[in-house]
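A.B. asks: Sequence first, then the predicted structure:
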Amino acid sequence: MVEIDGMKLAQTRAILNYIAAKYNLYGTDIKEKALIDMYSEGIADLYEMILRLPLFPPNEQDAKMSQIRERTTHRYFPAFEKVLKSHGQHYLVGNRLSKADIHLVELIYQVEEIDPSLLANFPLLKVTPFTALGREPTSPILESNIWVLGLAML
């Protein structure tokens, strides 16, 4: 539960959507919002697989890890790489930071923790501090912690 703007909000996605809308991280129109939701849900699918891994009995963990590796390298990361490449931008939607980009950065860090080699074939899924690009962050909520994807396209 979070108390914000005189409200008590529960449920993680409701909280994230409210904060994203408040700080202009949720698209500029209904089509962008739909794309952001679509990418965020895909990211959540893989992220949840990773989070559940320790809950499986030890004799099932190798099989689950193989499934995570396969889906990361053949399904999810190729899709996100293709999106970034298709429009030559550094963000998934609208050439501006959105909650989907933040979710993707979080997922990339999780994947790096379990097996950094899974990122080897996805040059556009590199995460670099925004300030390292010589730009100042524009979002007060994220300050200097803004990250950009697709640095290889600069």
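C.D. replies: In hand now; what should we look at?
A.B. asks: so how far is the longest helix belonging to the chain from its chain's centroid?
C.D. replies: Longest helix in the chain by number of residues (criterion: DSSP state H): helix 30-52. With C-alpha atoms, centre = their mean, to the nearest Å as the basis, helix 30-52 stands 8 Å off its chain's centre.
A.B. asks: do stretch 63-80 as well
C.D. replies: 15 Å.
A.B. asks: Check what contacts it and list those residues.
C.D. replies: 39, 42-43, 45-46, 49-50, 52-53, 56, 92, 104, 111, 114-115, 118-119, 121-122, 124-125 (C-beta atoms under 8 Å, 6 or more residues apart in numbering). Using the backbone N, CA and C atoms, a C-beta is placed for each residue, glycine as well.
A.B. asks: Any of those buried? List them.
C.D. replies: 39, 42-43, 46, 49-50, 92, 104, 111, 118-119, 122, 124-125 (16 or more other C-beta atoms under 10 Å).
A.B. asks: residue ranges for the strands of the protein, please.
C.D. replies: 2-4, 7-9, 127-129, 147-149 (DSSP state E).
A.B. asks: Comparing those strands by mean pLDDT, which bottoms out?
C.D. replies: Confidence, taken as mean pLDDT, is least for strand 147-149 of the strands of the chain (a mean of 50).
A.B. asks: Spit out the contact partners of the residue nearest the centre of the chain.
C.D. replies: Centroid-nearest residue in the chain: residue 104, 1.3 Å away (criterion: C-alpha atoms, centre = their mean). By C-beta under 8 Å, 6+ apart, the contact list for residue 104 reads 39, 43, 80, 92, 125, 149.
A.B. asks: hang on, isn't residue 44 packed against residue 100?
C.D. replies: No - look at residue 44 against residue 100 with C-beta atoms under 8 Å: they stay out of range, at 10.4 Å.
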